[in-house]
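Asks: fold the following and give me the result.
(4 chains)
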There are 2 protein chains.
Amino acid sequence: MKPKYMTLVEALESMIQSMGKNEMIPSERVLAKEHNLSRMTVRKAIDYLVDQNKLYRVNKVGTFTTDEKLYKKVDAFSGFTNEVRRAGGEPSSELIEYSLQAANKHIAANLGIKEGDLIYKVIRLRKKNGVPIMIDEAHFPQAIIPLNEQVVTGSIYDYIQNTLGLKIVTANQRFKATFAKKEYQKYLEIDELTPVIRTELHVYLEDGRIFEFNHGYINTDRYEIVSKSYQ
Amino acid sequence: MKPKYMTLVEALESMIQSMGKNEMIPSERVLAKEHNLSRMTVRKAIDYLVDQNKLYRVNKVGTFTTDEKLYKKVDAFSGFTNEVRRAGGEPSSELIEYSLQAANKHIAANLGIKEGDLIYKVIRLRKKNGVPIMIDEAHFPQAIIPLNEQVVTGSIYDYIQNTLGLKIVTANQRFKATFAKKEYQKYLEIDELTPVIRTELHVYLEDGRIFEFNHGYINTDRYEIVSKSYQ
DNA sequence: ATTAAAATATGGTATATACCAATAATTTTG
DNA sequence: CAAAATTATTGGTATATACCATATTTTAAT
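Replies: Numbering: from 1, shown residues only, chains lettered A, B, ... in the order given. Next up, the predicted model:
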């Protein structure tokens, strides 16, 4: 059974969708009355959306929409599928390429394996609610992650954690502004003059082995990278 | 007057400090009784710490400490000067503009203040080892951060923390690929076709007030953004 | 029309209470 | 001693209520 505040979150999300930026939403008391909820429950729903950067509050004035688009959390890495889902979206991916090949020097160095060792190369176009957001080339050492075509069309991270029982502990990510490869521009629905963020990602297992080396191109008009840091 | 849940947050923080990782803290009901608070107030304090990744909950079991110490080190926000220094570089900055002005609608919304409130606008070219890396426009509400020209040429963060005695707790940052403003291109030593990463930064004080809204342009050929995340 | 006072609305905090569902500890049963 | 049943404990959700301090709007006075 879905909690009531979650139902309200969804209602508010679609309301926000149809609003401009920095517009005020109805007050907590009004929302409570409209939805037959207590104000505390309404606050919980709003808390949820404030945490997601979709709303912000101004004390004694009101609660307003942000210019939030899609965003990517940097501080807790869980794979594209889970990240999009957590942000309240419906993730999907289109498989562009899937092959088993020998690692070249560059890939081998980034995975900490020997040149010539077998790796799976997986190129996927990632979408949120059907909208292309990023395209990425992932490389997995066959010796650690035995893939097959069925797994590749789903969430590889769920497979690694649940089926293989491996524990993912850290991810190092680098960001750089650049242009996308020509052959990727059509997938991302951009032209040759649209800058993108290129990510480079190394993901580690508990024992320190790298099981994924990934580089991707993000259309930041559709998917902004967000990071939250604490002191 | 400090809210009660904040007092509990502090008490819990020092408790966490003396505990190991993945250790269970007392239950909400016990904490409520011990501190003469209602359980809802205790939950609010725990919510705060969960959001900061210092605690995590397991439904029907308990609330536990994380291995946050490591995480904090990597992702802690400390301003450009300290960040460059930590990376082993020599930071410096060139003051491009410094003025006191009335906040326009956009700036006011981002700082959570009223349109027309006075803010300091500080534009600086940031360098690492004398090489221009990024340029940023920072905005500080005068009511919170009283600046002067001398402070602006040094580390504003050191001034805020040491002289004003304010506590910086969180920073939200967003990244987007774009091009730099024309007048900034010469400072960054790039041409009009070099993509940059645009950052947008909100920095928060302990009481939730935003004391800095900042947007900057990074020459990622010289300065890549790196993030490390834990699961 | 301007100014001043009053009323209203807002988010922020805090309490007390209640029930749920699943886990973990305890007790009972065989 | 082992298995099963019971009980206590846990976080999750939800309501109703109350008061605060300030921003905004409305009304009244000048």
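Asks: do you know how far the residue in chain A that chain B sits nearest to is from DNA strand C?
Replies: Residue of chain A nearest chain B, by CB to the nearest CB: A:Pro195 (3.3 Å). Every C-beta, even on glycine, is put in place using the N, C-alpha and C of the backbone. Note on A:Pro195: its distance to DNA strand C, by CB to the nearest atom of the strand, to the nearest Å, is 36 Å.
Asks: beta-bridge partners for that residue, please?
Replies: As for beta bridges, A:Pro195 partners with A:Phe179 under DSSP bridges.
Asks: and it, what's its pLDDT?
Replies: pLDDT recorded at A:Pro195 is 96.
Asks: and if you look at A:Glu90?
Replies: We have a pLDDT of 79 for A:Glu90.
Asks: who's in contact with it?
Replies: Applying CB atoms under 8 Å, 6 or more residues apart in numbering or on different chains to A:Glu90 gives the contacts A:84, A:128-130.
Asks: ok, the residue of chain A closest to chain B - contacts?
Replies: If a contact means CB under 8 Å, 6+ apart, then A:Pro195 has A:177-179, A:220, B:177-179, B:195-196 as its contacts.
Asks: got the phi and psi for the residue of chain A most remote from its centre?
Replies: When distances are taken from the C-alpha mean of chain A, A:Lys33 lies farthest, 34.9 Å away, according to CA atoms, centre = their mean. The phi and psi torsions at A:Lys33 (degrees, to the nearest 10) take the values phi -70, psi -50.
Asks: quick check, pLDDT for it.
Replies: For A:Lys33, the pLDDT comes out at 94.
Asks: report the secondary structure state of A:Ile191.
Replies: In this structure residue A:191 is Asp, not Ile. Assigned with DSSP: H, G, I helix; E, B strand; the rest coil, A:Asp191 falls in the coil class.
Asks: state the distance from the residue lying closest to it once chain neighbours are set aside to A:Asn148.
Replies: Once flanking residues are discounted, A:Asp191 sits nearest to A:Gln185: 6.5 Å by CB to CB, 6 or more residues apart in numbering or on different chains. A:Gln185 sits at a distance of 30 Å from A:Asn148 (criterion: CB to CB, to the nearest Å).
Asks: of those two, who's got more company?
Replies: Per other CB atoms under 10 Å in any protein chain shown, whichever of A:Gln185 and A:Asn148 has more neighbours is A:Gln185, with 19 against 10.
Asks: the more buried one contacts A:Glu192, correct?
Replies: Yes. Here A:Gln185 lies in contact with A:Glu192, judged by CB atoms under 8 Å, at a distance of 6.2 Å.
Asks: hmm, A:Leu49 is touching A:Leu12, no?
Replies: Yes. Assessed by CB under 8 Å, A:Leu49 is found in contact with A:Leu12 at 6.0 Å.
Asks: give me the number of residues near the residue in chain A that DNA strand C sits nearest to?
Replies: Residue nearest to DNA strand C within chain A: A:Ser27 (3.1 Å; CB to the nearest atom of the strand). The tally of other residues near A:Ser27 (other CB under 10 Å) stands at 14.
Asks: for the nearest residue to it once chain neighbours are set aside, list each beta-bridge partner.
Replies: Residue nearest to A:Ser27 in three dimensions, not counting chain neighbours: A:Gly62, with 6.5 Å by CB to CB, 6+ apart. Residues in a beta bridge with A:Gly62, per DSSP bridges, are A:Val58.
Asks: give me the distance between A:Gly62 and A:Glu137.
Replies: A:Gly62 is 45 Å from A:Glu137, by CB to CB.
Asks: more neighbours: these two, which one.
Replies: Shown here are A:Gly62 and A:Glu137; by other CB under 10 Å, A:Glu137 has more neighbours (18 against 13).
Asks: for the nearest residue to the more buried one once chain neighbours are set aside, give the beta-bridge partners.
Replies: Leaving aside its sequence neighbours, A:Glu137 sits nearest to A:Ile123 (CB to CB, 6+ apart; 5.0 Å). Judged by DSSP bridges, the bridge partners of A:Ile123 are A:Glu97, A:Glu137.
Asks: what is the mean pLDDT for stretch A:200-210?
Replies: 79.
Asks: how is chain A divided into domains?
Replies: As assigned by automatic domain parsing, chain A contains the domains A:4-65, A:70-226.
Asks: tell me the most buried of those domains?
Replies: Sort those by mean neighbour count, taking mean count of other CB atoms under 10 Å in any protein chain shown, and domain A:70-226 sits at the top with a mean of 17.
Asks: and that domain with DNA strand D, contact?
Replies: No. Legend: contact between domain A:70-226 and DNA strand D by CB under 7 Å from any atom of the strand is lacking; minimum distance shown is 14.2 Å.
Asks: starting at the chain centroid, how far to that domain?
Replies: 10 Å (CA atoms, centre = their mean, to the nearest Å).
Asks: near DNA strand C, which residues of chain A are found?
Replies: Contacts of chain A with DNA strand C, taken as CB under 7 Å from any atom of the strand, map to A:25-30, A:39-40, A:43, A:57-63.
Asks: by pLDDT, give me the weakest of those.
Replies: When those are compared by pLDDT, A:Val58 scores lowest at 82.
Asks: quick check: that residue touching A:Phe64?
Replies: Yes. Between A:Val58 and A:Phe64 there is a contact at 6.7 Å, judged by CB under 8 Å.
Asks: find the residues that touch each one of A:Leu49 and A:Leu12.
Replies: Joint contacts of A:Leu49 and A:Leu12 (CB under 8 Å, 6+ apart) are A:Leu55.
Asks: related to what we said a few turns ago, any idea how far the residue nearest to A:Glu137 lies from A:Tyr98?
Replies: A:Ile123 is 8 Å from A:Tyr98, by CB to CB.
Asks: ok, A:Ala109 next?
Replies: Note on A:Ala109: its distance to A:Tyr98, by CB to CB, is 23 Å.
Asks: shaky segments in chain A?
Replies: Along chain A, segments meeting pLDDT under 70 span A:67-79, A:82, A:86-88, A:169, A:206-208, A:229-231.
Asks: which residues in it form helices?
Replies: A:4-17, A:28-35, A:39-51, A:79-86, A:105-111, A:149-152, A:156-158, A:182-188 (DSSP state H).
Asks: need the ones you listed in JSON lines (columns: distance to A:Leu164).
Replies: Formatted as JSON lines, the helices of chain A follow (distance: least, CB to CB, whole Å):
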{"stretch": "helix A:4-17", "distance to A:Leu164": "31"}
{"stretch": "helix A:28-35", "distance to A:Leu164": "43"}
{"stretch": "helix A:39-51", "distance to A:Leu164": "32"}
{"stretch": "helix A:79-86", "distance to A:Leu164": "14"}
{"stretch": "helix A:105-111", "distance to A:Leu164": "17"}
{"stretch": "helix A:149-152", "distance to A:Leu164": "10"}
{"stretch": "helix A:156-158", "distance to A:Leu164": "10"}
{"stretch": "helix A:182-188", "distance to A:Leu164": "29"}
